[in-house]
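Asks: sharing a model prediction with you, sequence too.
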Amino acid sequence: MTSAVLDPQEHRDLRAAVAALGARYGRDYFTSAVRDGRHTDELWAEAGKAGYLGVNLPEEYGGGGGGIAELAIVLEELGAAGSPLLMLVVSPAICGTVIARFGTGEQKRRWLPGLADGTRKMAFGITEPDAGSNSHRITTTARRDGGDWVLTGRKVFISGVDIADATLVVGRTEDARTGKLKPCLFIVPRDAEGFQRTQIPMELHAPEKQFELVLDDVRLPADALVGDEDAGLLQLFAGLNPERIMTAAFALGLGRQAVAQAVEYARTRQVWKGGPIGVHQAVAHPLAQAHIELELARLMTQKAAALYDAGGADELAAAAGEAANMAKYAAAEAAAKAVDQAVHTLGGNGLSTEYGLAQMLTASRVARIAPVSREMILNYVSHQTLGLPKSY
Ligand SMILES: Cc1cc2nc3c(=O)[nH]c(=O)nc-3n(C[C@H](O)[C@H](O)[C@H](O)COP(=O)(O)OP(=O)(O)OC[C@H]3O[C@@H](n4cnc5c(N)ncnc54)[C@H](O)[C@@H]3O)c2cc1C
């Protein structure tokens, strides 16, 4: 699927190397890990050693010195091979980016080398039960108490809190001038007193679990705050665009894996005299369509990553935000359609445990909902791109 013209040689090399690693693990490894209640630790460790997990982080802290474009390649290729690593979306992409860009020297030294080689992980918590898509309504509050911060609030659907050394929690502090609450980011260690987690039962076939969190007067030292108390929104967005691009990469990998499986089946399954079921255009065309839509979504993902990695001027940042939203939308829709079609192509086997496609149905819906739903992206494009009025 790669184009020699659009992809620089180093991206093609990275893709090939990660695909080879992914192929050594594959879907069976992933499926058996989930079945046995294990995590995909061996793959995570090997990918970390090879430098793939921190490919976007600064070289001086053990990273690869690349950008989100490279990290998205890693996630997409592992997903296409059947073993996606969901924590890449949060640990190096959101948390690593935010700390690398806005953390203090001490925070960078403490966290980045571990996030880069995968020996440490960080989860990310913004969603709240009573705020959901409207993150302006979050109420997790941080107040100063002497030199400390004290956090109170609730979060929901936070991925991987059990396996993360800490969670980057989005809270609010009170503006001393206006009294208004403004967003701020705090590193909350997994074992902090008052930081409770409860696993949410989910119909997802994945090693990474989701948690409801209660922050009950969690006392943190002053240096738990990442970056500047007055520039929280800017810092938050620095992490949210990579999250959208990485979610797009997650969806692309999943969609590619489903189409590849369906194509293989359509090529070999024979029930009529005239050849395998793939000779029928009613079987072949929807798969061709799914392939095209994944390719288009990937192009948008590459554009979004290139704009984000270029950084700099406000205009470029706005373009990166728009492209990241569009890429996430396009990839999620393409993946949902691809998985649906793949399941159908296998007939009864599409729903069998042996072929493992049915379990991808729920996974393929995640990207439509998280980290920002399809409708919220359509709202964003309606308002920001098309200039249409807001209904809320
Ligand atoms: C598997 C999984 C992993 C996740 N991991 C994390 C994580 O690690 N960290 C984290 O912080 N969060 C995480 N989330 C949460 C995720 O980001 C939220 O589920 C998502 O933002 C949607 O919020 P909600 O579920 O509260 O839906 P709601 O906001 O209640 O929305 C429900 C429905 O209403 C629609 N809707 C809402 N408002 C509007 C509107 N104005 N116009 C049109 N339609 C609207 C939505 O599109 C959606 O279809 C995860 C979720 C899942 C499913």
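Replies: In hand now; what should we look at? Computed from a predicted structure; not experimentally measured. Residues are numbered from 1 along each chain as shown.

Asks: Three-state assignment for the residue of the stretch 51-200 of the chain found nearest the ligand, please.
Replies: Closest to the ligand within the stretch 51-200 of the chain is residue 132: 2.5 Å, counting by C-beta to the nearest ligand atom. Yep, even glycine has a C-beta here, placed from its N, CA and C like the rest. Under the three-state scheme (DSSP: H, G, I helix; E, B strand; the rest coil), residue 132 adopts coil.

Asks: mind pulling the model confidence for it?
Replies: Residue 132 is assigned a pLDDT of 90 by the prediction.

Asks: so what's the residue sitting nearest the centre point of the chain closest to, chain neighbours aside?
Replies: For the chain, residue 89 is the residue whose C-alpha lies nearest the centre (C-alpha atoms, centre = their mean; 3.1 Å). Residue nearest to residue 89 in three dimensions, not counting chain neighbours: residue 246, with 4.2 Å by C-beta to C-beta, 6 or more residues apart in numbering.

Asks: picking that back up, which ones are touching the residue nearest to the centre of the chain?
Replies: Contact analysis of residue 89 by C-beta atoms under 8 Å, 6 or more residues apart in numbering lists 75, 159, 243, 246-247, 250.

Asks: distance of it from residue 163?
Replies: Note on residue 89: its distance to residue 163, by C-beta to C-beta, to the nearest Å, is 14 Å.

Asks: for the residue nearest to residue 89, which three-state class applies?
Replies: Looking at residue 246 with three-state DSSP, the answer is helix.

Asks: what of residue 390?
Replies: With three-state DSSP as the basis, residue 390 sits in coil.

Asks: just give me the neighbour total for the residue nearest to it when sequence neighbours are not counted.
Replies: Nearest residue to residue 390, sequence neighbours excluded (C-beta to C-beta, 6+ apart): residue 383, at 5.5 Å. By other C-beta atoms under 10 Å, 13 other residues sit near residue 383.

Asks: okay, residue 383 and residue 325: tell me how far apart.
Replies: 11 Å.

Asks: try residue 293
Replies: Residue 293 is 17 Å from residue 325, by C-beta to C-beta.

Asks: my read: residue 90 touches residue 161, true?
Replies: No. Under the criterion of C-beta atoms under 8 Å, residue 90 is not in contact with residue 161, lying 10.1 Å apart.

Asks: what residue of the protein is the furthest out?
Replies: Most distant residue from the mean C-alpha position of the chain: residue 273, 45.1 Å away (C-alpha atoms, centre = their mean).

Asks: can you pull the pLDDT of that residue?
Replies: 93.

Asks: quick check: phi and psi on it?
Replies: The phi/psi pair for residue 273 (degrees, to the nearest 10) reads phi -70, psi -40.

Asks: contacts only, for it.
Replies: Taking C-beta under 8 Å, 6+ apart, we find residue 273 in contact with no residue.

Asks: before we move on, what about residue 233?
Replies: 182-183.

Asks: what about it, helix or strand, and which?
Replies: Following DSSP states H and E, one finds residue 233 within helix 232-268.

Asks: which is the next helix or strand following that helix?
Replies: Per DSSP H and E, the first helix or strand lying C-terminal to helix 232-268 is helix 281-310.

Asks: next secondary structure after that next one?
Replies: Once the chain leaves helix 281-310, the next helix or strand it forms, by DSSP H and E, is helix 314-345.

Asks: can you list contacts of the next helix or strand after that next one?
Replies: Moving toward the C-terminus from helix 314-345, the next helix or strand (DSSP H and E) is helix 359-369. Helix 359-369 is contacted by residues 31, 203-206, 247-248, 250-251, 254-255, 257-258, 328, 331-333, 335-336, 338-340, 342-343, 374 when judged by C-beta under 8 Å, 6+ apart.

Asks: quick check: residues of this protein near the ligand?
Replies: The interface of the chain toward the ligand, taken as C-beta under 6 Å from any ligand atom, is made up of 90, 124-127, 132-133, 157-159, 204, 210, 366, 369-373, 375-376, 379, 392.
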